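Student: A structural model of the following input is requested.
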Amino acid sequence: MEKVTLTFVRRDEKVSPRTNKPYTSLSIKTNEYGEKYLSGFGSKDNSRWKEGDTVEILVKKIQKDGKEYLNFETPKKEDKTAEALTRIENALLTIKFGIEKIIENQKPKIDRSDIPFPMPEDFPEGVGNN
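Tutor: A predicted model of the protein is given here:
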């Protein structure tokens, strides 16, 4: 996905020769792609796009008859939701690790070097003297 700024928007109502169903063909130009046209389908998500808008699209480069064409898709609501959930999950993990580090730093540090290791003669009779 990438954000682009629209410099040209044209909608054409067409009928599919294969299915005989109507559809909207959407042609756009953007600052990021210069004078190249990007082609896609009209939908309720992009029905209000106009020149000057910054929108999010997925661009696909198509090779056909030795030429390169640019197609675009508008992100599906599910895609945006998945991206948002990933960002939230990453933020929560960062918070979790930060809290764990704070808790670890709050534990008292015990210097065990001056604690004598018990020797067998230190045990009461019958304990550890096998």
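Student: now the helix or strand where Ala91 lies, how far from the chain's geometric center?
Tutor: Under the assignment given by DSSP states H and E, the secondary-structure element containing Ala91 is helix 77-106. For helix 77-106, the distance from its own C-alpha centre to the chain's C-alpha centre is 13 Å (Cα atoms, centre = their mean, to the nearest Å).
Student: buried residues, that helix. List them.
Tutor: Within helix 77-106, not a single residue qualifies as buried, counting by 16 or more other Cβ atoms under 10 Å. C-beta coordinates here come from the backbone N, C-alpha and C atoms, glycine included.
Student: ok, stretch 19-31 next?
Tutor: Applying a neighbour-count criterion of 16+ other Cβ under 10 Å, the buried positions in stretch 19-31 are 26, 28-30.
Student: can I get stretch 38-49 as CSV, trimmed to CA atoms?
Tutor: As requested, the backbone C-alpha atoms of stretch 38-49 are provided in CSV (Å, rounded to 0.1, in the frame of the first residue of the first chain):
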residue,chain,number,x,y,z
LEU,A,38,-3.2,4.1,-13.4
SER,A,39,-6.4,2.0,-14.1
GLY,A,40,-8.8,0.5,-11.7
PHE,A,41,-12.5,-0.1,-10.9
GLY,A,42,-14.8,2.4,-9.3
SER,A,43,-16.3,1.5,-6.0
LYS,A,44,-18.1,3.2,-3.1
ASP,A,45,-14.7,3.5,-1.4
ASN,A,46,-13.3,5.7,-4.2
SER,A,47,-16.5,7.3,-5.5
ARG,A,48,-15.6,10.7,-4.0
TRP,A,49,-12.0,10.8,-5.1
